[in-house]
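A.B. asks: What would the 3D arrangement of this be:
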Amino acid sequence: MSPPIAPVGWSRWLVPPAALSIHLSIGQAYAWSVFKPPLEDALGLSGTQSALPFQLGIVMLGLSAAFGGTLVERRGPRWAMTVALVCFSSGFLISALGAATGQFWLIVLGYGFVGGIGLGIGYISPVSTLIKWFPDRPGMATGIAIMGFGGGALIASPWSAQMLESFGSDKSGIALAFLVHGLSYAVFMLLGVLLVRVPRPRGEERKAGRATAPAGPQVSARQALRTPQFWLLWVVLCMNVTAGIGILEKAAPMITDFFADTSTPVSAAAAAGFVALLSAANMAGRIGWSSTSDLIGRKNIYRVYLGAGTLMYALIALVGSSSKPLFVLCALVILSFYGGGFATIPAYLKDLFGTHQVGAIHGRLLTAWSTAGVLGPLIVNWIADRQEAAGKHGADLYGTSLFIMMGLLVVGFVANELVRPVHPSHHLDAVPAQKGAPDVRREQSEPA
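C.D. replies: Numbering: from 1, shown residues only. Predicted structure coming up:
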């Protein structure tokens, strides 16, 4: 499947909706918790077991993005979106079979393994294409698409809950809900597959009078792994995501515990509303902060994420339990930084490594997400469990973990300060001249 080249006069503003159709679909992953209680009741699962499909899906997201990134760059966005459609939708269909037959391992295989591959390939599928279409505003372009991943749960959560209410929450009802998800998302993602285009070759674009991306430094995905800049950004992303997901994963019980011993305790309904607010902040941060990065620069916006994020955590730890509005405001800001960090990182990579294989580099960097997805919840839950076992309660359950998150953000802040332009010896036009670089020369001849 060759990349579809845009005809003369094609509007670049048709590409973000194509990307959104993919990201709004795979963003359903953040709504997995809707299926946890019905699965536990219908199949006799524990809370840990019912989380397995989601956990495996996030792991496969990072792995498939890392190992499939170069292939995505080579085959183009339409091929990648097609693979994402097939895997993500098939994952739901396999899960439907598992639910209908009572075989939980099929749900883990379908949603977690097969669907997780669709998550990873789908997540990176539009990145390099958007950056090439919007060289003047790469932060805004990737923010629009990646905003969909953060906002997908706002659609999927009520939709899934309504289906379970209509179909029933037994095995057959869950199976039917999975089936409808798989078919519906296939149709919606197909719109992106049909709509996406890549820019015309640079020479033809000049003849057509259209803006083209500046040449600038270009670094291959393989060579990027050999630079300190890649690993510094890996640390930056991992620390920012760990801090954000630490609150997101335990948001409802955290706000309930913080104000349990006050005169204004938080009800279950209010806690659920708080989770919805955090999802909205996550989504808004992806477009708002990433667009701001086009104005003030990528390093400066990460100074905001990491520096102001540390301050927000300090306020929650020190005075959060004394003011509910302050607690909510700080949490919303942290989650906006969490989403903004995801949306800004592709543009940061483009600034440092160029557009040649930015999608493949981005895919490799997403292993930081997989690491943070395990690290953040582990820190918060493990410490809370130990504090509870020691007889503590309320806000005291989280004090230590909040200070740990502050320390991680400081580490990320320092890593961001150490980022410098990539040395010219890593550029594509310089690497072939070095002794023993046949692999890089071979990469340079491959289509991006």
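A.B. asks: Tell me which helix or strand Val333 sits in.
C.D. replies: For Val333, the host element (DSSP states H and E) is helix 324-353.
A.B. asks: helices or strands up against the helix or strand following that helix?
C.D. replies: Downstream of helix 324-353, the first helix or strand assigned by DSSP H and E is helix 358-365. If you count contacts as 3 or more C-beta pairs under 8 Å, 6 or more residues apart in numbering; DSSP states H and E, helix 358-365 packs onto helix 52-75, helix 115-124, helix 127-133, helix 221-224, helix 228-248, helix 324-353. Yep, even glycine has a C-beta here, placed from its N, CA and C like the rest.
A.B. asks: Quick check: chain neighbours aside, which residue is closest to Gln103?
C.D. replies: Sequence neighbours aside, Leu97 is the residue nearest to Gln103 in space, at 7.7 Å (criterion: C-beta to C-beta, 6 or more residues apart in numbering).
A.B. asks: So what's the gap between the helix or strand hosting that neighbour and the chain middle?
C.D. replies: Using DSSP H and E, Leu97 sits within helix 77-101. Counting by C-alpha atoms, centre = their mean, to the nearest Å, helix 77-101 is centred 19 Å from the centre of its parent chain.
A.B. asks: Show me what that helix packs onto, helices and strands only.
C.D. replies: Under the contact definition 3+ C-beta pairs under 8 Å, 6+ apart, helix 77-101 sits against helix 15-26, helix 36-43, helix 52-75, helix 104-107, helix 115-124, helix 171-195.
A.B. asks: which other helices and strands contact the third one?
C.D. replies: Same thing as helix 52-75. Judged by 3+ C-beta pairs under 8 Å, 6+ apart, the packing partners of helix 52-75 are helix 77-101, helix 115-124, helix 221-224, helix 358-365, helix 367-389.
A.B. asks: Likewise for the last one?
C.D. replies: For helix 171-195, the elements it packs on are helix 15-26, helix 36-43, helix 77-101, helix 138-167, judged by 3+ C-beta pairs under 8 Å, 6+ apart.
A.B. asks: Give me the nearest residue to the residue nearest the centre of the chain, chain neighbours excluded.
C.D. replies: Compute the mean C-alpha point of the chain, and by C-alpha atoms, centre = their mean the closest residue is Phe342, 5.8 Å away. Of all residues not flanking Phe342 in the chain, Ile146 sits nearest, at 5.5 Å (C-beta to C-beta, 6+ apart).
A.B. asks: do you know how far the one you found is from Phe54?
C.D. replies: For Ile146, the distance to Phe54 (C-beta to C-beta, to the nearest Å) stands at 19 Å.
A.B. asks: Compare those two (neighbour count), which wins?
C.D. replies: Taking other C-beta atoms under 10 Å, Ile146 and Phe54 do not tie; Ile146 has more neighbours (29 against 22).
A.B. asks: tell me the contacts of that one?
C.D. replies: By C-beta atoms under 8 Å, 6 or more residues apart in numbering, the contact set of Ile146 is 23, 123, 286, 290, 339, 342-343, 346.
A.B. asks: cutoff 6 Å now
C.D. replies: 286, 342-343 (C-beta atoms under 6 Å, 6 or more residues apart in numbering).
A.B. asks: same check, this time on Phe88
C.D. replies: By C-beta under 6 Å, 6+ apart, the contact list for Phe88 reads 26, 115, 118.
A.B. asks: Out of those residues, give me the one that has the most neighbours.
C.D. replies: Gly115 (33 neighbours).
A.B. asks: thinking that one is in contact with Ser90, fair?
C.D. replies: No. Gly115 is not in contact with Ser90 according to C-beta atoms under 6 Å; the separation is 7.5 Å.
A.B. asks: Enumerate the positions of the helix or strand hosting Gly412 that are buried.
C.D. replies: Secondary structure from DSSP H and E places Gly412 in helix 399-417. By 16 or more other C-beta atoms under 10 Å, the buried positions in helix 399-417 come out as 399-402, 404-406, 408-409, 412-413, 415-416.
A.B. asks: Could you tell me the angle between it and helix 324-353?
C.D. replies: Relative orientation of helix 399-417 versus helix 324-353 (axes from the mean of the first three to the mean of the last three C-alpha atoms, to 10 degrees): 30 degrees.
A.B. asks: May I have stretch 317-326 exported as PDB, CA atoms only?
C.D. replies: Extracted as PDB, the C-alpha positions of stretch 317-326 are listed here (Å, rounded to 0.1, in the frame of the first residue of the first chain):
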ATOM      1  CA  ALA A 317       1.100  17.800  49.700                       C
ATOM      2  CA  LEU A 318       1.400  20.800  52.100                       C
ATOM      3  CA  VAL A 319      -2.100  22.500  52.100                       C
ATOM      4  CA  GLY A 320      -4.200  20.400  49.700                       C
ATOM      5  CA  SER A 321      -6.300  18.800  52.400                       C
ATOM      6  CA  SER A 322      -7.300  22.200  53.800                       C
ATOM      7  CA  SER A 323      -8.900  23.600  50.600                       C
ATOM      8  CA  LYS A 324     -10.900  21.500  48.200                       C
ATOM      9  CA  PRO A 325     -10.800  24.100  45.400                       C
ATOM     10  CA  LEU A 326      -7.000  24.300  45.700                       C
END
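A.B. asks: Give me the residues contacting that stretch.
C.D. replies: Contact partners of stretch 317-326, identified using C-beta under 6 Å, 6+ apart, comprise 258, 327, 395, 399, 402.
A.B. asks: Low-confidence ranges, the chain, go.
C.D. replies: Along the chain, segments meeting pLDDT under 70 span 1-3, 47, 202-216, 249, 430-448.
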